[in-house]
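Visitor: no sequence for this one, just the structure:
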Ligand code: AMP
């Protein structure tokens, strides 16, 4: 028996907005992913299953074929680099911006080389390098907003939605680095070897995205 078509998803904000799209495409998990501790979730379709992974790991699972398809934020895809992946559908969900931010009113920055805290090392490096600006990048895994408040960094690069988190910490957005939404991604080899199934899924999700929501 061939392996069910395997779709990698991550818990949280993206999952909440992704499951309705799969439901519209006729695919629903048999157990609630938010309450279940299972990492492999069968669906109402025996030929399709979900796997639950960390958001930043979705492209890696799909790149190496641990999953055939995945849903990942454009931020995660840019940071991963996109090797071995197609990105056929912009799901238009979890929209936000990846921004350079820092202390409110402090746009000029430090005299010397600025320190920038972020979990997006690669994107931040490439963005500053493209402008010929030298910065020191400090890798963090979360709560980037804290770094300028305690003197760990001058600036941060992080996702901004409403801007409330920045404001609540005396920070403000300076510049937009990228507009972000979640994307459907596909393993390049699976696109060839399981073309009919993968194409079917891309089309069904594409239609769900295009359908008017009530
Ligand atoms: P906000 O206060 O609405 O600007 O949201 C900012 C916080 O939520 C930051 O900690 C971000 O890392 C996180 N965030 C905002 N948008 C997203 C998104 N689309 N996906 C994941 N995290 C997000």
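Guide: Yes, it's here. Remember, it's a predicted structure, so these values are computed and weren't measured experimentally.

Visitor: Which pLDDT does the model give residue 209?
Guide: Predicted confidence (pLDDT) for residue 209: 97.

Visitor: so it makes contact with residue 20?
Guide: No - under the criterion of C-beta atoms under 8 Å, residue 209 makes no contact with residue 20, lying 10.6 Å away. Glycine gets a C-beta too; all of them are placed from N, C-alpha and C.

Visitor: Find residues that contact each of the two.
Guide: Counting by C-beta atoms under 8 Å, 6 or more residues apart in numbering, no residue touches both residue 209 and residue 20.

Visitor: what's the closest non-adjacent residue to residue 136?
Guide: Counting by C-beta to C-beta, 6 or more residues apart in numbering, residue 136 lies nearest to residue 115, which is 4.7 Å off, once chain neighbours are set aside.

Visitor: Just the buried residues of the strand or helix carrying that neighbour, please?
Guide: Here residue 115 is covered by strand 114-118, with elements defined by DSSP states H and E. Of all the residues in strand 114-118, those buried under the rule 16 or more other C-beta atoms under 10 Å are 114-118.

Visitor: The longest strand anywhere in the chain packs against which elements?
Guide: Scanning the chain for the longest strand, with DSSP state E as the assignment, gives strand 171-180. For strand 171-180, the elements it packs on are helix 74-80, strand 96-103, helix 121-130, strand 155-160, judged by 3 or more C-beta pairs under 8 Å, 6 or more residues apart in numbering; DSSP states H and E.

Visitor: neighbouring strands for the strand holding residue 115, and are they parallel or not?
Guide: Strand 114-118 has its sheet partners listed here by DSSP bridges as strand 135-139 (parallel), strand 155-160 (parallel).

Visitor: related to what we said a few turns ago, neighbour count winner among residue 209 and residue 20?
Guide: For residue 209 against residue 20, the residue with the higher neighbour count under other C-beta atoms under 10 Å is residue 209, and the figures read 17 against 13.

Visitor: In contact with that one: list those residues for me.
Guide: 21, 89-92.

Visitor: Just the buried subset of the residues you listed, please.
Guide: In these, burial by neighbour count holds for 21, 89, 91, counting by 16+ other C-beta under 10 Å.

Visitor: hang on, isn't residue 117 packed against residue 138?
Guide: Yes - shown here, residue 117 and residue 138 form a contact pair, counting by C-beta under 8 Å, at 4.6 Å.

Visitor: Name the residues contacting each of these two.
Guide: Taking C-beta under 8 Å, 6+ apart as the criterion, residue 117 and residue 138 both touch 147, 152-153.
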